[in-house]
Structure formats: structure tokens, C-alpha cells
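Peer 1: how would this look folded up:
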Amino acid sequence: MELSKRVSLLEPSETLAIAAKAKELQAKGIDVVSLSAGEPDFDTPGFIKEAAAQALLKGATKYTPATGTIELREAIVRKFQRDQGLTFPADQIIVSSGAKHSLFNVFFTLLNEGDQVLIPAPYWLSYSAMVTLAGGVSVIVPTTEATQFKLTPDVLRKSITPRTKILVLNSPSNPTGAVYSKEEFEGLVEVLKDYPKIQIVSDEIYEKLIFDGLKHISIASLNPEIAQRTVIVNGHSKAYAMTGWRLGYTACPNKEIAKAISSLQSHSTSNPTSFAQAGGVVALDRGDEEAARMCKVYEKRRDLFYNLISAIKPLKPFRPQGAFYLFVNISETGFNSSDLIQKLLEEAHVATIPGKPFGSDSHIRMSFATSEEKLEEAARRLSRWFASR
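Peer 2: A predicted model of the protein is given here:
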């Protein structure tokens with residue numbers, strides 16, 4: 001059987017392979033401290049679960065509109081107005097089965113064969129895979145710790161070609177935790193004004209997980225022209241600890257894009273789970289206090305874990321201002337990221353994620369979405385392992 005060329009271009013997920021290896025060791029009775037999770041370790045707040053349970057008991061078990069219930073789309077409209085001062089009609093909001101699904105829809109809707117997508121690195125590994133499946137070409141734009149892993153106006157301008165169709169922005173970032181300021185986004189806006197055909201895809205899934213008193217900024221909120229070229233993707237998974245609920249959403253700048261995504265989704269997955277959407281409404285309308293509480297815990301863990309890992313030679317962590325990851329420079333260890341994470345898993349029994357799939361083989365990613373006790377134990381194991389070499 002001949003597989004499609006696009007699927008054949010995809011590489012197996014190293015992150016899933018590490019997760020499988022960790023489970024294999026745990027099945028043998030080996031105590032593995034996992035720092036690989038890309039999801040909150042908190043349970044979904046009870047009042048959100050109760051809303052979904054009540055909807056289920058009341059018979060919310062049928063199809064909804066393919067783009068999501070009007071109640072959830074209107075709650076999303078309220079959220080954008082409240083948080084970013086952005087106004088969207090409800091028919092320009094598309095609810096999907098997770099933010100990943102939303103991004104998939106966007107790339108398939110906007111890209112033609114050979115269109116280029118600028119992706120600042122380090123980047124969430126699925127961006128480039130989705131672009132490939134949609135027939136586009138990923139142009140990876142390296143950033144460095146000198147710029148706090150953020151794209152600068154000069155680098156952006158030099159990266160644009162006549163084939164550039166989309167710029168992907170992710171703030172706060174996975175895997176680095178970097179957060180763009182208003183002034184940094186304004187610098188990018190000045191460049192983008194000169195290239196009116198470029199669309200911006202703004203992944204804002206970690207917007208509620210931001211530290212140091214900073215405020216999340218959406219690039220769409222800074223300039224009316226840029227707002228008309230920006231597709232915003234967000235979801236419930238990180239802010240409200242709802243990863244398994246599979247609720248993501250897209251805010252489209254115009255009805256043309258919204259209609260196209262709606263058509264695509266109607267012929268693929270159709271609507272997200274009906275009763276999950278009822279919980280999604282309550283999360284957006286009443287969940288920010290809980291999101292803020294969880295964020296404070298993450299910030300405390302960030303401070304603890306950053307200090308612990310900073311004390312381990314030769315590891316050099318980047319201090320994140322959002323999300324729940326440490327992106328750790330391993331260039332002085334003598335290993336590439338794939339080899340090192342295998343060593344750490346098999347010998348130190350600490351599961352981490354290689355940086356190579358994220359665009360940097362000189363880094364590994366460690367999640368602090370786990371208890372302080374586990375973070376301290378992981379640091380002890382890593383310290384002993386590196387000291388023994």
C-alpha cells in the first residue's frame with residue numbers, strides 16, 4: 001500500500017516515545033519522576049465539572065452546530081471583550097476539539113501548496129507538522145537567549161520572502177515560557193504593516209499562565225489593520241485544567257475565514273462534545289479566579305525549580321515568564337538533547353523532553369506542572385547524576 005506523501009513526511013513523536021519508555025520503566029516497578037507533562041496537574045474546578053454533568057443529565061447528548069453552541073461562542077465573545085478589548089461577532093468564533101484542532105483548521109484553510117510559514121524557534125513541535133500536512137513550507141526562524149527567545153523586528157524583516165503567507169506567534173511560549181511585551185509586539189507590527197498579505201496566527205493558549213505581574217498582550221489588540229489579519233487560537237485546556245475536555249476555539253478576523261473553517265470542520269469532526277461545551281461556558285464566565293489561583297502555584301514552583309536547576313552544573317535554565325516549562329541549555333553537557341534525555345530517564349529515572357523537536361538540540365524541556373516534592377526529588381536525582389560524571 002502506498003501512503004500519502006504528506007503523511008510520509010511526518011516523523012514519529014519523540015515526546016510520545018519518551019512517555020512510552022517512562023511508562024515501561026514504571027511498569028517494572030521503577031520510580032520515575034516525570035517532568036514531561038504538557039498539561040496542568042490540577043483537577044478541573046468542581047463548578048465546571050458540575051455544569052457539564054448537569055447538561056449531560058438534562059439530555060445534552062445530541063449534535064450541536066458544527067462551530068459550537070451559541071452559548072459557548074457568546075461566552076468566548078465576552079472573554080475577548082473583557083480580556084483584550086477585542087470585539088468579534090459570534091459567527092466569527094469557531095469552537096473545535098482542542099486548540100491543536102483549531103490550529104490544524106487554520107493552516108488547512110489559509111495555506112496553498114508552497115506557501116511559506118514563518119515559525120520562530122524554539123517552537124511548539126506540531127506547528128511544522130501541521131504546515132507540512134497542509135501543503136505549506138515551514139521556515140524556521142531561530143531566536144536566541146540574548147533576545148529571550150523572542151522574534152525581533154530586524155530578524156522578522158530579513159525572514160520575509162514573496163512566498164511568506166503566515167507568521168506564527170506564541171506568547172506565552174511553549175517550550176520557552178517567553179512572553180512578548182506590548183513594546184516588542186509593536187516593533188513587529190511596524191514591520192508587518194509593510195507586508196499586508198501576511199496573515200498572523202496568534203497562539204494564546206497559555207495566556208492565563210503568566211508571572212512576575214506581567215499582562216498578556218494579544219498582537220491583535222494593538223493595531224486595527226493587524227487585527228484584520230490576525231487569527232487568534234486559544235482554548236480551555238491550560239488555563240482551567242481542562243486538557244481532556246478537548247475545547248479549543250478560533251477567533252477569525254472576517255466572515256470569509258470563519259465560513260471556510262466552518263465548512264472544513266463540518267466535513268471532518270463536526271461539533272465538539274456537546275456537554276463539554278456547557279462546562280466551557282461556565283469556565284470562561286466564572287473560571288478566572290481559579291485560573292489565577294493555579295497560576296500563583298505555578299509561579300511559586302517556577303521560582304523553586306529554576307533555583308534548583310540553576311545550581312546543577314552544567315545545566316543553564318532559561319527563566320520563563322509564563323506557561324509551566326523550564327527550557328534548559330545543555331550545551332556544556334557533551335550530549336545532544338535526544339541522547340541526554342535517554343540517559344536521564346534510564347539512569348537518573350527523570351523523564352524530560354528533548355529540545356530537538358522544538359527547534360533546539362542544545363536544550364531540553366522540563367515541566368514544573370507537578371508537586372514541589374517531585375520537583376525537589378527530580379533536582380536531587382539530576383544533581384547526583386551530573387556530579388557522578
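
Peer 1: Compute the number of surrounding residues for the nearest residue to F108 once chain neighbours are set aside.
Peer 2: Take F108 and drop its neighbours on the chain: the residue closest to it by CB to CB, 6 or more residues apart in numbering is A134, 4.8 Å away. Using the backbone N, CA and C atoms, a C-beta is placed for each residue, glycine as well. Counted with other CB atoms under 10 Å, residues neighbouring A134 total 20.

Peer 1: And I200, by the same measure?
Peer 2: 21.

Peer 1: That one - that's part of a strand, no?
Peer 2: Yes. Counting by DSSP: H, G, I helix; E, B strand; the rest coil, I200 is part of a strand.

Peer 1: Report the contact partners of it.
Peer 2: Neighbour list for I200: 166-169, 192, 219-220, 226, 229-231 [criterion: CB atoms under 8 Å, 6 or more residues apart in numbering].

Peer 1: Report the contact partners of E145.
Peer 2: By CB under 8 Å, 6+ apart, the neighbours of E145 are 318, 329.

Peer 1: Now do the strands in the stretch 1-150 of the chain.
Peer 2: In the stretch 1-150 of the chain, strands defined by DSSP state E, counting those that start in this stretch lie at 33-34, 93-96, 116-121, 137-142, listed in chain order.

Peer 1: residues in contact with the first one?
Peer 2: Spelled out, that is strand 33-34. 22, 349-351, 370, 374, 377-378, 381.

Peer 1: Let's see that with 10 Å instead.
Peer 2: 18-19, 22-23, 26, 344-345, 348-352, 367, 369-370, 373-382 (CB atoms under 10 Å, 6 or more residues apart in numbering).

Peer 1: before we move on, what about the last one?
Peer 2: Residues from elsewhere that reach strand 137-142 (CB under 10 Å, 6+ apart): 111, 113-123, 127-132, 149, 151-152, 155-156, 158-161, 163-168, 359-360.

Peer 1: Mind doing that once more with 8 Å?
Peer 2: The contact list for strand 137-142 (CB under 8 Å, 6+ apart) reads 114-121, 123, 127-128, 131-132, 151, 155-156, 159, 161, 163-164, 359.

Peer 1: Next, the angle strand 116-121 makes with it.
Peer 2: 30 degrees (axes from the mean of the first three to the mean of the last three CA atoms, to 10 degrees).

Peer 1: now strand 137-142, how far from the centre of its chain.
Peer 2: How far strand 137-142 lies from its chain's middle: 17 Å, per CA atoms, centre = their mean, to the nearest Å.

Peer 1: Can you point out the buried residues in that strand?
Peer 2: Buried residues in strand 137-142, counted by 16 or more other CB atoms under 10 Å: 137-139, 141.

Peer 1: Now a PyMOL select for only the buried ones of the contacts of strand 33-34.
Peer 2: Restricted to buried positions by 16+ other CB under 10 Å, the PyMOL selection for the contacts of strand 33-34 reads:
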select buried, resi 18+19+22+344+345+348+349+350+351+352+367+369+370+374+375+377+378+379+381+382
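
Peer 1: Okay, and which of the contacts of strand 33-34 map to strands?
Peer 2: 350-351, 367 (DSSP state E).

Peer 1: Go through those residues and name the one nearest S262.
Peer 2: S367 (34.4 Å; CB to CB).

Peer 1: Across the sheet, point out what pairs with the closest one.
Peer 2: Y325 (DSSP bridges).

Peer 1: same check, this time on N329
Peer 2: K316, H363.

Peer 1: how's the protein carved up into domains?
Peer 2: Here the chain is described, according to automatic domain parsing, as comprising the domains 5-44+289-387, 62-286.

Peer 1: what's the distance between the shortest one and the middle of its chain?
Peer 2: Which is domain 5-44+289-387. Relative to its chain's centre, domain 5-44+289-387 lies at 16 Å (CA atoms, centre = their mean).

Peer 1: What of the last one?
Peer 2: Between the centre of domain 62-286 and the centre of its host chain there is 10 Å, according to CA atoms, centre = their mean.

Peer 1: on that earlier part again, next, the contact list for the residue nearest to F108, please.
Peer 2: 107-108, 111.

Peer 1: just L25 next, same as before
Peer 2: 32, 345-346, 349 are the contacts of L25 under CB under 8 Å, 6+ apart.

Peer 1: ok, so what distance separates it from A239?
Peer 2: 32 Å (CB to CB, to the nearest Å).

Peer 1: I'd assumed W385 was in a strand, is it?
Peer 2: No. In this structure, W385 is helix, not part of a strand, as judged by three-state DSSP.

Peer 1: tell me the contacts of the closest residue to it other than its chain neighbours?
Peer 2: Counting by CB to CB, 6+ apart, the nearest residue to W385 once its immediate chain neighbours are dropped is A348, at 4.0 Å. A348 makes contact with 381-382, 384-385, according to CB under 8 Å, 6+ apart.

Peer 1: among those residues, which two are most distant?
Peer 2: L382 and R384 (7.4 Å).

Peer 1: so what pLDDT did the residue nearest to F108 get?
Peer 2: Turning to A134, the model gives it a pLDDT of 96.

Peer 1: mind checking the backbone torsions on it?
Peer 2: phi -80, psi 0 (degrees, to the nearest 10).

Peer 1: Once you drop chain neighbours, what's closest to S181?
Peer 2: Counting by CB to CB, 6+ apart, the residue nearest S181 is I217, at 6.9 Å.
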